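With the sequence up front, the predicted model follows.
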Amino acid sequence: MTLKLENDWVWDSWYAHDGNRWHGYFLKAPKSLGDPDLRHFNATQGHAVSDDLVRWDYLGTCFAPAEGPAWDDYTTWTGSVVQDDDGLWHLFYTGTSRAEKGMYQRIGHATSPDMHSWERVGDGLCLDMSGPHTDKYESEHVKGFWHDRAMRDPWVMRDPDGDGWLMFFTARVPGQAEANEGGCVGFATSPDLVTWSLQPPVYAGRLGQLEVPQVFRQGDKWYCLFCTADEHFSEALAKDYPGEPVTGSHYLIGDSPRGPWQLAKGPFLDASQPCQRYAARMLQTESGLMIIGARYVLPDGQFGGFLTDPDPVVQLNDGTLRIAKSSMAAE
């Protein structure tokens, strides 16, 4: 296993390379809570560094909810880290407030010169459901229909077709008769990493939610990795799926980050029932494409709460992806 903490559970993670080594960021919560299901509203962000994605040096907590009343005083969840042209590092993260009981998610922004000591840009808030495209999203919490107002897991990257930046995030579209047809990959753009404009979603449907999106290029194809649960398959997808619905990670495939995107056909890339690995990330390394994520259900039925070893992923001639060898098979 790559990273296992004695006193904390670890789950969603994201990574950045500084030119010399990998920096891993992850959600963590104390095992003293007793029940791992309580971890989500007791999370902080941890930081570790590695030369090989296997042996990690844990550096401790690097980010946490704001003190006092604030839009992110309850949780600071999953995000991504990028570096600008001046060498400054930027963290984009999910925030929720105690006043709203964590039901409304928004996107925050912090910066750091050393990749560990993060300071919010202003009050931290950089993107909410506002602007001319708000009606393209489920912008209010539809109680009884879905469990939250989703706007989380920001993935930020340079625009390959321009000078600005792109953000992808977990959200939902309105007006669906079936809740599990409402999941979408939200989209926003920025010229400078500070000012963001909400844009229409780049993909919607077939699932209730597409969590932890990550957009990357491999060869001549673009991919949007995401994770979801068996209970969030739409009726149509469950009917079309080759087997019983599963929990884990799969991907969209397209010719551009802006789409159009299509759900890759066939079995999910890295999924099972019960789930073994969740919230996976793809890393482009000197050895090729690797997948890494949080270990969920162990053979004894307990929650793992640590990161898996990276597993090699291959791109087939038709553009689909396959895990070449799974480290979890040896357990």
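In hand now; what should we look at? Please read these numbers as outputs of a predicted model, since none were measured by experiment.

Residue 199 belongs to a strand?
Yes: assessed by DSSP: H, G, I helix; E, B strand; the rest coil, residue 199 belongs to a strand.

for the residue nearest to it when sequence neighbours are not counted, phi and psi?
Sequence neighbours aside, residue 187 is the residue nearest to residue 199 in space, at 4.5 Å (criterion: C-beta to C-beta, 6 or more residues apart in numbering). (C-beta placed from N, C-alpha, C; glycine too.) Backbone dihedrals for residue 187, given as degrees, to the nearest 10, come out at phi -150, psi 140.

Would you confirm that residue 30 contacts residue 10?
No: the pair residue 30 / residue 10 is not scored as a contact, 11.4 Å apart, by C-beta atoms under 8 Å.

Same drill for the two, tell me which one is more crowded.
More neighbours surround residue 10 than the other of residue 30 and residue 10, with 25 against 15 (other C-beta atoms under 10 Å).

What strand or helix carries the more buried one?
Element membership of residue 10 [criterion: DSSP states H and E] is strand 8-17.

The residue nearest to residue 199 is in contact with residue 168, isn't it?
Yes: Residue 187 is within contact range of residue 168, at 6.1 Å (criterion: C-beta under 8 Å).

Find residues that contact each of those two.
Residues touching both residue 187 and residue 168 (C-beta atoms under 8 Å, 6 or more residues apart in numbering): residue 202.

Quick one: low-confidence residue ranges for the stretch 1-150 of the chain.
Low-confidence segments of the stretch 1-150 of the chain, defined by pLDDT under 70, span residues 1.

Sketch out the strands for it, chain order is fine.
Using DSSP state E, counting those that start in this stretch, the strands of the stretch 1-150 of the chain run over 8-17, 22-30, 44-50, 56-63, 75-83, 89-96, 106-112, 119-127.

So what are the sheet partners of the third one and their directions?
So that's strand 44-50. strand 22-30 (antiparallel), strand 56-63 (antiparallel) (DSSP bridges).

what distance separates the last one from the middle of the whole chain?
In this case it means strand 56-63. With C-alpha atoms, centre = their mean, to the nearest Å as the basis, strand 56-63 stands 19 Å off its chain's centre.

contact partners of it?
By C-beta under 8 Å, 6+ apart, the surrounding residues in contact with strand 56-63 are 2-3, 5, 24-25, 28, 44-50, 76, 91, 93, 110, 116-118.

now the residue nearest to residue 199: how far from residue 15?
Noted for residue 187: a distance of 22 Å to residue 15, by C-beta to C-beta, to the nearest Å.

more neighbours, these two?
Higher neighbour count among residue 187 and residue 15: residue 187, with 24 against 18, using other C-beta under 10 Å.

Now residue 322: which helix or strand?
strand 321-323.

Need the per-residue pLDDT for the most centrally placed residue in the chain.
Per C-alpha atoms, centre = their mean, the C-alpha nearest to the average position across the chain is that of residue 212, at 2.1 Å. Residue 212 carries a pLDDT value of 98.

quick one, what contacts it?
With C-beta under 8 Å, 6+ apart, residue 212 has these contacts: 12, 78, 153, 155, 170, 225, 226, 227, 279, 280, 281.

which secondary structure element contains the fourth one?
By that I understand residue 155. strand 152-158.

So which elements touch that strand?
Applying 3 or more C-beta pairs under 8 Å, 6 or more residues apart in numbering; DSSP states H and E, one finds that strand 152-158 makes contact with strand 75-83, strand 89-96, strand 165-172, strand 211-218.

Reformat those strands as TSV; add distance to residue 233.
Shown next, in TSV, are those (distance: least, C-beta to C-beta, whole Å):
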stretch	distance to residue 233
strand 75-83	22
strand 89-96	24
strand 165-172	15
strand 211-218	14
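
about what we covered before: residues in contact with the strand holding residue 10?
With C-beta under 8 Å, 6+ apart as the criterion, strand 8-17 contacts 3-4, 22-31, 36, 39, 46, 77-83, 89, 115, 153, 212, 278-279, 281, 283, 292-294, 303, 305-307.
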